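Asker: Got a predicted structure here, sequence first:
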Amino acid sequence: MKKVNEIMLRRQNKLILEKSKPGNKLDKAVLITILKNIEPIGYMLSSNVLKVLQTYSMDEIAVFYKDLAKELKILIGANKKWNPMYPNFPAQVMEASDVELFVNAMIHYLGDWIGVRIMPKYKKEKRSSLSEDCKLRVIDLATEKEFHEMFQNLMESKTSISETDEEDLKWYLGECEAKVPIIVHKEILSFVYATLLNYREVNYTEAAKNFKTATDVLRLAVGLSDGDVSLSTSTKFRNFKRKERRFLLGILESCNSDIVEDMLKHKNVWIKLGEKLHPGEYGKNFPVVINAFDVLRNNKKHFTFASSLESFLEKHQIKEAVKLLKNRPGDFARRLDHLLRISKTPKAIVSEFDEIAEKVSSPVLLQVMTHFKYRNDKRDLRVFMPKGNISKIQAIENEVPDLSKSICDTVCMVCAKVLKKQYSKLSKLGKVYIDPALKDYIVPFSQRSASKAIRTVTRGSKITIPDGDTLRFFAWWKDIPDDNTNIDDNYWGGRVDIDLSAIMYNDKWTQMERISYTNLRSAKYKACHSGDITSAPNGACEFIDIDIPSILNYGGRYVVMCVLSFTRQSFSQMPESFCGWMIRKHPQSGEVFEPKTVQDKLDINTDSKLNIPVIFDLKERKMIYTDLALTSVPYRSINIENNMDALGLMGRSIEDLRKPSLYDLFTLHAESRGKIIKTRKNADIVFSLNEGITPFDIEEIVGKYI
């Protein structure tokens with residue numbers, strides 16, 4: 001399958017196909033066979049796709065099917081061998097004696113110490129055919145125009161994009177004669193131009209016009225060195241060609257802003273970069289740059305915006321602080337809550353903010369509006385998601401005093417007014433239907449650390465659990481090859497032991513039970529583990545079954561799914577590691593891994609050793625998409641028992657998030673450039689879960705609506 005269709009299939013469940021021979025009529029039995037063959041994988045083809053395929057010859061359809069089946073199996077995980085320790089799971093584990101489970105585990109662990117992989121030998125019993133009615137994923141037809149628009153939307157995004165997005169965009173920029181649009185987001189700007197500069201000749205003069213600040217230049221240099229343009233991790237700068245050095249120094253020299261202040265924000269990084277740029281070699285060509293590096297290297301005193309602002313705030317000189325902040329509207333918006341708390345005249349602060357609100361970006365306005373909408377809600381925690389390529393969450397006690405409701409409402413009205421004015425400049429939408437279910441889906445402000453998945457939504461979004469009483473979690477991984485020396489902890493070498501675990505909590509997030517390698521089955525309700533496998537030379541897997549009614553009857557509510565690296569290697573070091581979940585009505589029917597029942601599959605490729613892919617709210621029958629990592633773990637052992645408090649806190653934090661929903665976003669658009677109607681029948685545009693613009697159309701949302 002061509003790379004274009006591999007990308008379209010993975011990102012949008014679509015294919016770009018052209019009719020082959022006019023008038024050719026492929027035997028319908030062939031198409032029916034293809035449909036029957038991909039149905040167990042969980043997919044079907046739309047009528048539009050079938051109409052094109054009807055014109056194919058037998059040779060063409062054979063190639064098409066072979067490529068399609070291969071890609072679909074990779075997407076869903078069906079290309080792997082799924083051999084759990086107990087092949088007749090879950091009944092086999094539930095019926096086994098404690099002695100049998102204990103002895104099997106001890107013998108398996110002994111094998112690790114003597115260097116022999118010992119697995120208990122059981123005959124796989126014949127299983128009944130799958131007794132499930134599953135909703136199939138429909139593969140539809142796409143056009144080349146849609147393909148190019150997808151990447152244009154990514155480049156025009158006002159929020160950060162994921163590593164997967166960057167990989168696809170890098171291929172696109174290298175293979176296609178892409179027209180680069182006006183790029184607003186600084187990280188995307190740097191990534192795109194770094195890619196172009198590395199791939200082909202670019203007009204340096206034209207490229208330079210896009211970079212306005214010293215940090216823009218720093219991001220570009222990081223991008224040229226294949227580093228993290230979010231600047232959240234360190235970069236080893238490569239040696240730049242003389243032409244590149246002049247280019248970077250020239251942009252830096254021509255920046256309109258105070259480059260010293262900007263450079264001081266990343267002082268040590270700039271000093272390292274300066275060693276590669278050698279500005280002194282160019283004599284008096286770049287006097288501003290040479291002076292800036294002199295300040296950095298010799299620790300000369302330099303008054304900055306930040307130092308002036310902190311001085312005003314410390315002295316409680318609110319008017320002076322506000323006057324300074326009005327020159328930087330984005331900073332004003334981010335500091336607004338603090339200013340309102342310490343000011344004796346909060347109405348005056350809001351009036352000052354109103355004057356400059358039009359200069360604040362729409363993503364920031366959306367977040368400010370939502371913050372003040374829920375500002376006085378009684379919550380125990382304040383939750384933050386730090387910037388970076390690792391998906392982290394932080395929570396602190398909520399000790400912030402309330403603000404008056406009228407002040408909060410006024411701030412919300414100011415933000416809504418400005419947003420509607422901005423959106424009204426876009427093309428008209430006509431009659432708009434907005435599905436109320438979109439209230440459960442969060443606006444994708446930052447996809448920087450999002451994992452590659454079958455369907456990607458924003459952290460904190462809540463997806464309804466389909467019919468079925470059994471949740472089945474799964475994880476698959478592979479050992480690190482012996483020749484790979486880049487391992488965090490050489491004590492374990494390349495052997496990788498992934499542990500799939502689950503913790504159950506009640507309404508108040510009090511821990512009730514765990515399912516892990518130390519507790520293969522619950523004595524309280526129906527839940528069990530498929531057996532702890534501690535090495536994966538050719539791949540290994542683990543499963544956990546959770547019976548929803550039994551947990552609810554016992555007083556449980558939340559289930560946190562965890563994937564841990566017991567052998568302490570980061571997931572990013574492993575050749576492959578992924579996880580996901582299924583919903584099963586009849587857990588003993590069909591194979592243990594049934595592609596058709598898979599709801600989500602996520603690749604785990606973070607520089608962490610513990611991940612929380614999803615949390616389940618069984619009372620509301622919602623899956624809370626988390627895709628989070630725990631970056632620090634106990635030294636003595638990485639297991640569920642040593643991390644239950646941290647996991648419970650993370651669960652409470654993500655469940656307590658207050659972020660703008662897609663319903664809020666689309667409503668603002670509809671009110672400013674359309675008319676909202678109550679039924680989708682007569683709508684010109686639909687925003688819903690499965691029709692029109694959906695929460696999974698990330699590229700379109702970040703490119704056209706935020």
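Answerer: Done, it's in. Residues are numbered from 1 along each chain as shown.
Asker: quick check: mean pLDDT across stretch 122-129?
Answerer: Predicted confidence along stretch 122-129 averages 92 (mean pLDDT).
Asker: measure it end to end?
Answerer: Taking CA to CA, to the nearest Å as the measure, stretch 122-129 stretches 20 Å from start to finish.
Asker: Go ahead and name everything in contact with that stretch.
Answerer: Where contact means CB atoms under 8 Å, 6 or more residues apart in numbering, the residues beyond stretch 122-129 that reach it are 86-88, 92, 588-591. Placement of C-beta: from N, CA and C, glycine included.
Asker: Could you list which of the residues you listed belong to helices?
Answerer: Among those, the members found in helices (DSSP state H) are Q92.
Asker: Need the buried ones from the contacts of stretch 122-129 selected in PyMOL.
Answerer: Selection of buried members from the contacts of stretch 122-129 for PyMOL, criterion 16 or more other CB atoms under 10 Å:
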select buried, resi 86+87+88+92+588+590+591
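Asker: possible to save the contacts of stretch 122-129 as a markdown table with distance to Y204 and pLDDT?
Answerer: Written out in a markdown table, the entries for these read as follows (distance: CB to CB, whole Å; pLDDT from 0 to 100):
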| residue | distance to Y204 | pLDDT |
| --- | --- | --- |
| Y86 | 62 | 97 |
| P87 | 62 | 96 |
| N88 | 65 | 96 |
| Q92 | 66 | 96 |
| Q588 | 65 | 92 |
| S589 | 63 | 92 |
| G590 | 59 | 93 |
| E591 | 57 | 95 |
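Asker: Touching, R521 and V93? I think so.
Answerer: Yes: with contacts defined as CB atoms under 8 Å, R521 counts as touching V93 at a distance of 5.8 Å.
Asker: intersection of neighbour lists for those two?
Answerer: A shared contact of R521 and V93, defined by CB under 8 Å, 6+ apart, is any residue touching both; here these are 528-529.
Asker: Could you point out which of the contacts of stretch 122-129 is nearest to M263?
Answerer: Minimum distance to M263 across the contacts of stretch 122-129 is 58.2 Å, recorded for E591 (CB to CB).
Asker: quick one: that closest one from I701, how far?
Answerer: Using CB to CB, to the nearest Å, one obtains 36 Å as the distance from E591 to I701.
Asker: what's the answer for M155, then?
Answerer: Between M155 and I701 the distance, using CB to CB, works out to 14 Å.
Asker: now do I624
Answerer: When distances are taken as CB to CB, I624 and I701 turn out to be 20 Å apart.
Asker: Could you check stretch 207-223 and say which residues are buried?
Answerer: If you call a residue buried by 16+ other CB under 10 Å, then stretch 207-223 has these buried ones: 207-208, 210-211, 213-223.
Asker: now do stretch 137-145
Answerer: By 16+ other CB under 10 Å, the buried positions in stretch 137-145 come out as 137, 139, 141-142.
Asker: Let me see the mean pLDDT of that stretch.
Answerer: According to the model, stretch 137-145 has a mean pLDDT of 96.
Asker: which residues sit against that stretch?
Answerer: Residues contacting stretch 137-145 (CB under 8 Å, 6+ apart): 8-9, 12-17, 42-46, 48-49, 52.
Asker: quick check, nearest of the residues you listed to N605?
Answerer: The shortest approach to N605 among those belongs to L9, at 19.9 Å (CB to CB).
Asker: ok, now which ones touch that closest one?
Answerer: Counting by CB under 8 Å, 6+ apart, L9 makes contact with 1, 15, 68, 71-72, 75, 139.
Asker: Of these, which belong to strands?
Answerer: The members of the contacts of L9 that map onto strands under DSSP state E are 15, 139.
Asker: Dump the contacts of L9 into CSV; add distance to L552 as well.
Answerer: Supplementary listing: the contacts of L9 in CSV, determined by distance: CB to CB, whole Å:
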residue, distance to L552
M1, 44
L15, 42
L68, 40
E71, 38
L72, 35
L75, 32
I139, 36
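Asker: Could you look up the SS state of the residue lying closest to S535 once chain neighbours are set aside?
Answerer: Among residues not flanking S535 along the chain, R495 sits closest, at 4.9 Å (CB to CB, 6 or more residues apart in numbering). When the structure is split into helix, strand and coil by DSSP: H, G, I helix; E, B strand; the rest coil, R495 lands in coil.
Asker: Please tell me how far the most centrally placed residue in the chain sits from F151.
Answerer: Centroid-nearest residue in the chain: A450, 1.6 Å away (criterion: CA atoms, centre = their mean). When CB to CB is the yardstick, A450 and F151 sit 17 Å from each other.
Asker: and what of M561?
Answerer: Going from M561 to F151 by CB to CB gives 33 Å.
Asker: who has more neighbours, the two?
Answerer: When M561 and F151 are compared on other CB atoms under 10 Å, the one with more neighbours turns out to be M561, at 26 against 22.
Asker: could you pull out the strands for the stretch 401-550 of the chain?
Answerer: In chain order, the stretch 401-550 of the chain shows strands spanning 430-434, 462-464, 470-477, 498-505, 511-515, 527-529, 540-547, with DSSP state E, counting those that start in this stretch as the criterion.
Asker: hmm, back to that, residues contacting the residue nearest to S535?
Answerer: Taking CB under 8 Å, 6+ apart as the definition of contact, the neighbours of R495 are 112, 479-480, 534-535, 567.
Asker: State the distance from it to I61.
Answerer: R495 sits 44 Å away from I61, taking CB to CB as the criterion.
Asker: Any of the contacts of stretch 137-145 buried? List them.
Answerer: Members of the contacts of stretch 137-145 that pass the buried threshold by neighbour count (16+ other CB under 10 Å) are listed as 8-9, 12-17, 42-45, 49, 52.
Asker: Checking C562 next. Helix, strand or coil?
Answerer: In terms of secondary structure, C562 is strand; the call rests on three-state DSSP.
Asker: you'd agree it is up against N611?
Answerer: Yes: counting by CB under 8 Å, C562 sits close enough to N611 to count as a contact (7.1 Å).
Asker: Filter the buried residues of stretch 207-223 down to the ones in helices?
Answerer: Secondary structure from DSSP H places 207-208, 214-223 of these in helices.
Asker: ranges for the helices of the stretch 551-700 of the chain?
Answerer: In order along the chain, the stretch 551-700 of the chain carries the following helices (DSSP state H, counting those that start in this stretch): 644-655, 662-673, 698-704.
Asker: buried residues in the second one?
Answerer: Taking 16+ other CB under 10 Å as the neighbour-count basis, helix 662-673 is seen to contain the buried residues 662-673.
Asker: ok, of those, which one's closest to G283?
Answerer: Nearest to G283 out of the buried residues of helix 662-673 is L665 (CB to CB; 52.3 Å).
Asker: okay but that closest one is in contact with V443, surely?
Answerer: Yes: contact between L665 and V443 holds when scored by CB under 8 Å: they sit 5.2 Å apart.
Asker: Just the terminal-to-terminal distance for stretch 80-87.
Answerer: With CA to CA as the measure, stretch 80-87 spans 15 Å from end to end.
Asker: My error: substitute stretch 119-133 in the last question.
Answerer: Taking CA to CA, the first and last residues of stretch 119-133 lie 34 Å apart.
Asker: Over to stretch 421-435?
Answerer: The first and final residues of stretch 421-435 sit 23 Å from each other (CA to CA).
Asker: who are the neighbours in contact with D684?
Answerer: When contacts are counted by CB under 8 Å, 6+ apart, D684 is found next to 429-432, 674.
Asker: which one of these sits closest to K284?
Answerer: Taking CB to CB as the measure, K284 lies nearest L429 of the contacts of D684, at 55.8 Å.
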